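Colleague: Mind folding the following:
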Amino acid sequence: MLPDGSVNPGQMTSFNHYALGSVAAFLHNTVGGLSPLEPGWQKALIQPQPGGTLTSASISFDSPYGLYAVSWNLHEEILTVETVVPPNGGALVKLPGIEETIGSGKRSFTCRWRRDERWPPKGHPGPQSVLIPDNFVP
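Modeller: Okay, the predicted model is just below:
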C-alpha cells in the first residue's frame, strides 16, 4: 500500500501469477523445446514443436550444471535444430525420425518437419452460434 492509501495504481501487482507462468512455460517447453528431464536439470528434453506461422525460435536456461540452449529454424519442410548442453549434463533429443541421448557440447540436427494441417485452428461457433471467420477485421 502506498502512503496515499492506494494499492499500486495502474501497475501489475504480481509477476508470479499462474497466468503469466503458464504462458512462459508453454513458450519455453513447447515452442522453444527445452524442459527438464531429471531433477536439477542434469538431463533435459529437447523437443521443439514448430507451429502456425513460427519459423524459428531460440531458448536457453542457466541450470545448476550450466547453460542449456536450443535454437531452431524451419525452412519449408527442413527443420534445423542447434543444441548446447553444459558440462556434466545430458539431453534427450526427440525430433521426427530422431531420438538420441547426447552429452555436453554443441550439436546440430536436421530432419523433415511436416506442417500440421490443423494449424491455424479453424473458427468455432460461439455462444450465439455465429461463426466468426479467421480473417475477420472489425
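
Colleague: I'd say residue 96 and residue 112 touch.
Modeller: Yes - Residue 96 lies in contact with residue 112 (Cβ atoms under 8 Å); the separation is 6.2 Å. All C-beta atoms are positioned from the backbone trio N, CA, C, and that covers glycine.

Colleague: Name the residues contacting each of these two.
Modeller: Here residue 96 and residue 112 have residue 79 as joint contacts, going by Cβ atoms under 8 Å, 6 or more residues apart in numbering.

Colleague: Mind giving me the packing neighbours of the biggest strand by length in the chain?
Modeller: Longest strand in the chain, counting residues (DSSP state E): strand 66-75. If you count contacts as 3 or more Cβ pairs under 8 Å, 6 or more residues apart in numbering; DSSP states H and E, strand 66-75 packs onto strand 34-36, strand 56-63, strand 78-85.

Colleague: Okay, now the sheet partners of the shortest one, with direction.
Modeller: Right, strand 34-36. strand 43-46 (antiparallel) (DSSP bridges).

Colleague: buried stuff in the partner strand?
Modeller: 43, 44, 46 (16 or more other Cβ atoms under 10 Å).
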